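S.K.: Compute the structure for the input listed below.
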Amino acid sequence: MVIEQQQRSTTQAHLRAPGGILLVACYELGHQPLSLASPLAYLERAGFHPRAVDTAVDELDDVLIESAALVAISVPMHTALRLGIGIAERVRRLNPEARVCFYGLYAWLNAEYLLREHGDFVIGGEYERALMELAAALETSDGTVVPGVRTAANPVPPAIERIDFAQPRRDELPELERYARLLIDGREVTAGYVEATRGCHHTCLHCPVVPIYQGRFFAIPRGVVLDDMRRQIVAGAGHISFGDPDALNGPTHLLRITQAMHAEHPEVTFDITTRIEHIIQHREIIPALAESGCLFVISAVESVSEDVLRNIDKGHTKEDVVEALEILDAAGIAMRPSLLPFTPWTTLDGYIELLAFIEEHELIEQIDPVHLSIRLLVPPGSALLDRPKTASWLGPLDEENFTYTWSAPDPRLDQLQLWVASIAERAAQQGGCPFETFSAIKRAAYHVAELPVPPPVLQKTGRRRSPRLTESWFC
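M.R.: Numbering: from 1, shown residues only. The predicted model follows:
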């Protein structure tokens, strides 16, 4: 009993010592990680003194790993999880006594594998309070029974409930200047990042948010969001990205926040992410968003194939995309579509149709080339797995790559995907002209389809190049 009490006392002192808890982010699309800033605030409010490292911009020092009792790794997306596994392996090698926790969307989707191979705990959904309660539980026990914290022995549901959002702590994080910047009219502007909501009201079958939130979303209090924006503006941000899965899940909430910020800082601009359906549904507030400084909208167009859109239950049609473009154009807001061109339902004709749509609507400069190479990921827990017809195309689970395998019905599409990916990667490395890159992708598609090589794509003058961030939006 005396030995056990001594061990608990040592653990308590270690967890509450500076660096006793280490938070690590791996890849968060080029912005200062809110996934570190928000739990930092929660943990500090509870009397802990965590350290935070964003490995996208800083090296993770061995000394930090060796001094930590709990290492929590943020993995909100597929790429982050791949990198996070490497962090966990370093922790196991350098500090085998430390407990490892993965948190974020892709942590929860891959919980069984992570708990078996790489970690002790997994948190999904609203992770701040669950992570704080885990740290508190580890002071007196092994932390195996904490609401929202999954272990191998305790497969609890994710933490999907409204929490008391704390003001994010960003002073522990690298300066904003080290992250993605807004490119506009030949200038670079420092960019910040906030979220006004969590989760999503919609249930697109391919989306990693859906298996966890299942159609629920929470609004983050307006005051918390505004204070976070103010602090980033003071730190040099001239542009703010709203990183919500869909910022127009709460249209009035968003409008009030952006109008209040515009009244205080009329020079600061912003961008949002929202679905095509919401642009049409809330068309009456689009001009007000433009007046408040909205420069562009990221929208998951995914495809213009009705078959693909129907199979992922996307909620819009090709005609809807055209209508949404017209609404945004009228307000002076650019659309930056994200795409999912390679799926089990994609055809070569469908891919060529997508290229024709992009060219016809002068979207070549609005779309980062990598989007023309994206292939459907089907992680464990994906809502697609519940569809009866999925069995006809789904292959085995590749746990180490966090996705079920699948092959295109037409093997030429797999060949084309690899070809387009190499073109996009080369363009990203060399900074190629968007029209030359698009022409190369178009030639590849026509070559694979055994069609006559098309003429080069020429730049038109109807649509000026939109503002954009220096980091491509993809996972």
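
S.K.: hey, where'd the strands end up in the stretch 201-350 of the chain?
M.R.: Secondary structure of the stretch 201-350 of the chain by DSSP state E, counting those that start in this stretch: the strands cover 217-219, 239-242, 269-273, 294-302, 334-339.

S.K.: what would these look like in JSON lines with distance to Glu139 and mean pLDDT?
M.R.: For glycine as for every other residue, the C-beta is placed from the backbone atoms N, C-alpha and C. Converted to JSON lines, the strands of the stretch 201-350 of the chain look like this (distance: least, C-beta to C-beta, whole Å; pLDDT from 0 to 100):
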{"stretch": "strand 217-219", "distance to Glu139": "29", "mean pLDDT": "92"}
{"stretch": "strand 239-242", "distance to Glu139": "37", "mean pLDDT": "98"}
{"stretch": "strand 269-273", "distance to Glu139": "39", "mean pLDDT": "97"}
{"stretch": "strand 294-302", "distance to Glu139": "42", "mean pLDDT": "97"}
{"stretch": "strand 334-339", "distance to Glu139": "43", "mean pLDDT": "96"}
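
S.K.: Now render those strands as TSV, adding distance to Ala324 and mean neighbour count.
M.R.: Shown next, in TSV, are the strands of the stretch 201-350 of the chain (distance: least, C-beta to C-beta, whole Å; neighbours: other C-beta atoms under 10 Å):
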stretch	distance to Ala324	mean neighbour count
strand 217-219	21	18
strand 239-242	18	26
strand 269-273	13	23
strand 294-302	7	24
strand 334-339	7	22
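
S.K.: Nearest to Val122, out of those strands?
M.R.: Each of the strands of the stretch 201-350 of the chain has some distance to Val122 by C-beta to C-beta; the shortest is strand 217-219, at 20.5 Å.

S.K.: re the thing from before, between the strands of the stretch 201-350 of the chain, which gets nearest to Pro168?
M.R.: When the strands of the stretch 201-350 of the chain are compared (using C-beta to C-beta), the closest one is strand 239-242, at 13.2 Å.

S.K.: elements contacting the closest one?
M.R.: strand 187-194, helix 222-234, strand 269-273 (3 or more C-beta pairs under 8 Å, 6 or more residues apart in numbering; DSSP states H and E).

S.K.: Could you give the average pLDDT over the longest helix seen in the chain?
M.R.: Counting by DSSP state H, the longest helix found in the chain is helix 411-430. Averaged over helix 411-430, pLDDT sits at 94.

S.K.: from the helices and strands packed on strand 239-242, which stretch is densest packed?
M.R.: strand 269-273 (a mean of 23; mean count of other C-beta atoms under 10 Å).

S.K.: List the neighbouring strands of that one plus their orientation.
M.R.: Applying DSSP bridges, strand 269-273 is found paired with strand 239-242 (parallel), strand 294-302 (parallel).

S.K.: Could you pull up the contacting residues of the closest residue to Ile279 other than its chain neighbours?
M.R.: Spatial nearest neighbour of Ile279, chain neighbours left out: Ala324 (4.1 Å); criterion: C-beta to C-beta, 6 or more residues apart in numbering. Contact analysis of Ala324 by C-beta atoms under 8 Å, 6 or more residues apart in numbering lists Ile276, Ile279, Ile280, Ser299, His316, Met335.

S.K.: how close does the second one sit to Arg150?
M.R.: In this structure, Ile279 lies at 36 Å from Arg150, with C-beta to C-beta, to the nearest Å as the measure.

S.K.: and if you look at the last one?
M.R.: Between Met335 and Arg150 the distance is 38 Å, computed by C-beta to C-beta.

S.K.: Would you mind listing where the stretch 1-150 of the chain has pLDDT under the threshold?
M.R.: Within the stretch 1-150 of the chain, the segments meeting pLDDT under 70 span 1-13.

S.K.: hey, where'd the helices end up in it?
M.R.: Using DSSP state H, counting those that start in this stretch, the helices assigned to the stretch 1-150 of the chain run over residues 2-16, 34-45, 62-66, 78-94, 105-109, 111-117, 127-138.

S.K.: tell me what the second one is packed against?
M.R.: Here helix 34-45 is seen to pack against strand 21-25, strand 51-54, strand 70-74, helix 127-138 when contacts are counted using 3+ C-beta pairs under 8 Å, 6+ apart.

S.K.: one more time with 10 Å
M.R.: strand 21-25, strand 51-54, strand 70-74, helix 127-138, strand 187-194, helix 222-234 (3 or more C-beta pairs under 10 Å, 6 or more residues apart in numbering; DSSP states H and E).

S.K.: Who are the packing partners of the fourth one?
M.R.: Read it as helix 127-138. Counting by 3+ C-beta pairs under 10 Å, 6+ apart, helix 127-138 packs on helix 2-16, strand 21-25, helix 34-45, strand 70-74, strand 99-103, helix 105-109, strand 121-123, strand 149-150.

S.K.: Show me what counts as buried in it.
M.R.: Neighbour counts over helix 127-138 (16 or more other C-beta atoms under 10 Å) mark Tyr127, Glu128, Arg129, Ala130, Leu131, Met132, Glu133, Leu134, Ala135, Ala136, Leu138 as buried.

S.K.: which ones are touching the second one?
M.R.: Under the criterion of C-beta atoms under 10 Å, 6 or more residues apart in numbering, the neighbours of Glu128 are 35, 38-43, 45, 103, 159, 163-166, 168.

S.K.: one more time with 6 Å
M.R.: Taking C-beta atoms under 6 Å, 6 or more residues apart in numbering as the criterion, Glu128 is in contact with Ser38, Pro39, Tyr42.

S.K.: what's the answer for the third one, then?
M.R.: Under the criterion of C-beta under 6 Å, 6+ apart, the contact list for Arg129 reads Ile163.

S.K.: starting at the chain centroid, how far to stretch 348-362?
M.R.: Once both centres are worked out by C-alpha atoms, centre = their mean, to the nearest Å, stretch 348-362 turns out to sit 26 Å from its chain's centre.

S.K.: before we move on, what about stretch 87-104?
M.R.: Stretch 87-104 sits 23 Å away from the centroid of its parent chain (C-alpha atoms, centre = their mean).

S.K.: repeat for stretch 40-59
M.R.: Chain-centre distance of stretch 40-59: 20 Å, with C-alpha atoms, centre = their mean.

S.K.: start to end distance for it?
M.R.: Terminal residues of stretch 40-59 are spaced 19 Å apart (C-alpha to C-alpha, to the nearest Å).

S.K.: cool, and stretch 385-401?
M.R.: Using C-alpha to C-alpha, one end of stretch 385-401 lies 17 Å from the other.

S.K.: Could you do stretch 152-169 as well?
M.R.: End to end - C-alpha to C-alpha - stretch 152-169 spans 31 Å.

S.K.: Tell me the buried residues in that stretch?
M.R.: Buried residues in stretch 152-169, defined by neighbour count with 16+ other C-beta under 10 Å: Val156, Pro158, Ala159, Ile160, Ile163, Phe165, Ala166, Gln167, Pro168, Arg169.

S.K.: How about stretch 272-288?
M.R.: 272-280, 282-283, 285-286, 288.

S.K.: care to break this structure down by domain?
M.R.: 2-150, 176-469 (automatic domain parsing).

S.K.: what's in contact with the longest helix of the chain?
M.R.: Here helix 411-430 has contacts from 342, 346, 369-370, 372-373, 375, 408, 437, 440-441, 444, 448, using C-beta under 6 Å, 6+ apart.
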